[in-house]
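A.B. asks: no letters, just coordinates:
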């Protein structure tokens, strides 16, 4: 109206001037009144406004002395404070938004509850379950609280926001400690429930049981009222859980020290996981609880005979409570007697050490008995009366003796030919025998013997063709040679030589296991590895997959009567695990073959190099005790470490130079399949093995080239 009057009425008109003044007042008054009408304004905002305008707003009509009208607001010049009123109104609006966000967070936690499950179906014993939803709520709430606190308008509600944030943080801290307690408790509970563990670790058991009692009480209260905020905001609850965590961690540390003590007493325990070892220790009164784990400690033993567990056992009936150990049973069901008075009494690690000692003593005695019997019995009768491992060892001793007698004679070339004929005759007799009616065990032992005898025949044939006439000739010295030496106390023992390397047969029981077909490549690999062992180095066969790196190492261990632990490496191995493994190997004198060694991270390999060199230095100094990672441990000099690598594969690391220097390298290539097939067929009794092997090799070669790739097809070795 003012603009229209200004345009249509004469200039200088008083009405126009008056209208313009009124319009200017209303222009400021209307927005100010709109801001005062903001529903988000609360008491604290009205107090701010009253301090700005200098008078009190009487907003309750029932207490009015003078009505609050536009006129009264105009009289008090409310429009002069328009910007300040707008600022307070905006604050109120924004605080309202923040309060709404805070209200939603509060509402979320009013009904939020923990989900509980019973633990192992035990009555009144509960554990937290499915906390993912609670954790998601916590994450969302913390994000919301962060948004609220980051706002410039939070000042008016800051105390309330900070209180809620404190509650959420308290719940998060409590939950973190709570879950850690629960995790540790769940791991330790079955361990300390076992009376045998409580008896062996009384102090730690008492510490655990105190925590166990407190945690069960807390969980029972939570089951009665599972509201998250109630338990999460209880004073000092997080500190209580933190204290329990400290106790459980100390208990776990003491438990690990206890397991380390047990492993030191019986080093083969290092090859078991902690859970498997605890399963044994938790049932020490039940000596037969060790049976499921015995094969991890002794490769060639499937179970111990406590009486009646094999047809050759001295007892005809099985006794579950027996503590007498009568013999060893291999995976192939071969039985080896352990003599008398071997009892599973006392601590499990002590009687297992007694089993290990008796195993070596028994096999040494059986070998001596076999060596004596060989000269007095017909060969095909002799092979049926002795253990597979023993007949191969004895056969090797007499084959070597016959060859050296021929080489030492006055007419070595003629006598070596005669020994060749004798070797072929022995071999023919064994092949005829293997075609007869035999048990699976007898056939397996004979096939292994024939496999070795074929290689022996080929060696003598090589000596004949090369006209070797002296046992000092390298053609003979390069072979693995076996000698029975009666001068070794107490009853004599088998000495093994190859070139300048010399070993004593270790008499680890290996069962009636198969033996590898020995090719010229195997011979060279053996010579490299025994040479490395002589210099206290490791061996490192390298080559593509399927070239026999691991199997050749394992077969050399069998040839020397050693335990060989094969371990597949991955990038998840750390130096602590490797250190533990080396402790076990060094203390029981075993070999380790680390497959795909270059998959381990290079940072770990650097530490592994230091661990290996520590053991190798101790071997060179002929120490019986040495310092390893801050602990004094014993050292048995049959220790050996071997690594296999597939060069050029993705995800493989280059070995550090300080590690390479500790291993003698050996390149492996694709073996002669035809030769391997021929010897394998011959060992199974096929007279026409040579033509058959060519046909079989050709068949499988064609199949691998022509037939589509399928998971159930494998035309390789």
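C.D. replies: Done, it's in. From a predicted model like this one, the values you see are computed outputs, not experimental measurements.
A.B. asks: surely residue 194 and residue 284 touch.
C.D. replies: No: using Cβ atoms under 8 Å as the test, residue 194 is too far from residue 284 to be in contact (9.1 Å). Every residue, glycine included, has its C-beta placed from N, CA and C.
A.B. asks: so which of those two has more stuff around it?
C.D. replies: Taking neighbours as other Cβ atoms under 10 Å, residue 194 and residue 284 compare with residue 284 leading, 21 against 18.
A.B. asks: where's the closest residue to the more buried one other than its chain neighbours, which helix or strand?
C.D. replies: Distances taken as Cβ to Cβ, 6 or more residues apart in numbering place residue 196 nearest to residue 284, at 4.7 Å, with adjacent residues excluded. Per DSSP states H and E, residue 196 falls inside helix 195-200.
A.B. asks: who does that helix touch, helix- and strand-wise?
C.D. replies: Under the contact criterion of 3 or more Cβ pairs under 8 Å, 6 or more residues apart in numbering; DSSP states H and E, helix 195-200 touches helix 274-281.
A.B. asks: now the helix it packs on: mean pLDDT?
C.D. replies: In this model, helix 274-281 has a mean pLDDT of 89.
A.B. asks: just stretch 342-351 next, same as before
C.D. replies: 91.
A.B. asks: one more: stretch 108-126?
C.D. replies: If you average the pLDDT values across stretch 108-126, you get 85.
A.B. asks: just checking, residue 127 is part of a helix?
C.D. replies: No: the assignment for residue 127, made by DSSP: H, G, I helix; E, B strand; the rest coil, is strand rather than a helix.
A.B. asks: spit out the contact partners of it.
C.D. replies: Taking Cβ atoms under 8 Å, 6 or more residues apart in numbering, we find residue 127 in contact with 116, 117, 118, 119, 182, 186, 219.
A.B. asks: if you set the cut-off to 10 Å instead, what comes out?
C.D. replies: 116, 117, 118, 119, 120, 182, 183, 185, 186, 189, 215, 219 (Cβ atoms under 10 Å, 6 or more residues apart in numbering).
A.B. asks: return the closest of the residues you listed with respect to residue 438.
C.D. replies: For the contacts of residue 127, the residue nearest residue 438 by Cβ to Cβ is residue 120; the value is 50.2 Å.
A.B. asks: hang on, that closest one in a helix?
C.D. replies: No: Residue 120: not assigned to a helix; according to three-state DSSP it is coil.
A.B. asks: neighbours around it, how many?
C.D. replies: 11.
A.B. asks: so who does it touch?
C.D. replies: So residue 120 contacts 127, 186, 189, 190, 193 (Cβ under 10 Å, 6+ apart).
A.B. asks: quick check: ChimeraX command selecting the buried ones in the residues you listed.
C.D. replies: Selection of the buried residues among these in ChimeraX, burial being defined by 16 or more other Cβ atoms under 10 Å:
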select :127,189
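A.B. asks: what's in contact with stretch 462-477?
C.D. replies: Applying Cβ under 10 Å, 6+ apart, the external contacts of stretch 462-477 come out as 400, 403-409, 411-417, 419-421, 459-460, 479, 481, 497-500, 520, 527.
A.B. asks: what's the following helix or strand after the helix holding residue 196?
C.D. replies: Criterion used, DSSP H and E; the element after helix 195-200 is helix 202-224.
A.B. asks: for this protein, which spans come out with low pLDDT?
C.D. replies: 1-47, 49-51, 53-83, 85-86, 88-90, 92-94, 96, 648-651, 712-717 (pLDDT under 70).
A.B. asks: which of the residues in the helix ranked longest in the chain are classified as buried?
C.D. replies: For the chain, the helix that runs over the most residues, judged by DSSP state H, is helix 158-192. By neighbour count with 16+ other Cβ under 10 Å, helix 158-192 contains the buried residues 161, 164-165, 167-175, 177-178, 180-182, 184-185, 188-189, 191-192.
A.B. asks: taking their axis directions, it and helix 202-224 sit at what angle?
C.D. replies: Per axes from the mean of the first three to the mean of the last three Cα atoms, to 10 degrees, the angle that helix 158-192 makes with helix 202-224 is 130 degrees.
A.B. asks: so what does helix 158-192 touch, helix or strand wise?
C.D. replies: Judged by 3 or more Cβ pairs under 10 Å, 6 or more residues apart in numbering; DSSP states H and E, helix 158-192 is in contact with helix 82-110, strand 126-129, helix 132-150, helix 195-200, helix 202-224, helix 228-232, helix 237-265, helix 274-281.
A.B. asks: next SSE after the helix or strand that contains residue 399?
C.D. replies: If you go by DSSP H and E, residue 399 is part of helix 388-408. Using DSSP H and E, the helix or strand that follows helix 388-408 towards the C-terminus is helix 412-434.
A.B. asks: what's the distance between the residue nearest to residue 249 when sequence neighbours are not counted and residue 231?
C.D. replies: The shortest distance from residue 249 to any non-neighbouring residue, by Cβ to Cβ, 6+ apart, is to residue 184 (7.0 Å). Between residue 184 and residue 231 the distance is 19 Å, computed by Cβ to Cβ, to the nearest Å.
A.B. asks: hang on, the earlier thing: just the angle between the longest helix of the chain and helix 237-265, please?
C.D. replies: Going by the same axes, to 10 degrees, helix 158-192 makes 30 degrees with helix 237-265.
A.B. asks: buried ones in the helix holding residue 399?
C.D. replies: By neighbour count on 16+ other Cβ under 10 Å, the buried set for helix 388-408 is 388-400, 402-403, 406-407.
A.B. asks: now the angle from it to helix 412-434?
C.D. replies: Going by the same axes, to 10 degrees, helix 388-408 makes 160 degrees with helix 412-434.
A.B. asks: ok, and the closest non-adjacent residue to residue 482?
C.D. replies: In space, residue 482 is closest to residue 396, 4.2 Å off (Cβ to Cβ, 6+ apart).
A.B. asks: so the one you found touches residue 480, yeah?
C.D. replies: Yes: between residue 396 and residue 480 there is a contact under Cβ atoms under 10 Å: 8.0 Å.
A.B. asks: residues shared between the contacts of the two?
C.D. replies: 496, 559.
A.B. asks: tell me where the stretch 451-600 of the chain has helices.
C.D. replies: Ranges of helices within the stretch 451-600 of the chain are 474-477, 520-534, 549-559, 575-588, based on DSSP state H, counting those that start in this stretch.
A.B. asks: which among those helices is found nearest to residue 238?
C.D. replies: Once the helices of the stretch 451-600 of the chain are compared by Cβ to Cβ, helix 575-588 is nearest, at 30.3 Å.
A.B. asks: contact partners for the residue nearest to residue 326 when sequence neighbours are not counted?
C.D. replies: Nearest non-adjacent residue to residue 326, counting by Cβ to Cβ, 6+ apart: residue 305, 4.7 Å away. Counting by Cβ under 10 Å, 6+ apart, residue 305 touches 312-315, 318, 322, 324-329, 335-338.
A.B. asks: got it, and residue 571?
C.D. replies: Shown in contact with residue 571 (Cβ under 10 Å, 6+ apart): 599, 600, 601, 604, 651, 653.
A.B. asks: number of residues surrounding the closest residue to residue 500 other than its chain neighbours?
C.D. replies: The shortest distance from residue 500 to any non-neighbouring residue, by Cβ to Cβ, 6+ apart, is to residue 534 (6.4 Å). Neighbours of residue 534 under the rule other Cβ under 10 Å: 14.
A.B. asks: how much space between residue 534 and residue 501?
C.D. replies: From residue 534 to residue 501 the distance is 4 Å (Cβ to Cβ).
A.B. asks: quick one, phi/psi of the residue nearest to residue 326?
C.D. replies: The phi and psi values for residue 305, taken as degrees, to the nearest 10, are phi -90, psi 110.
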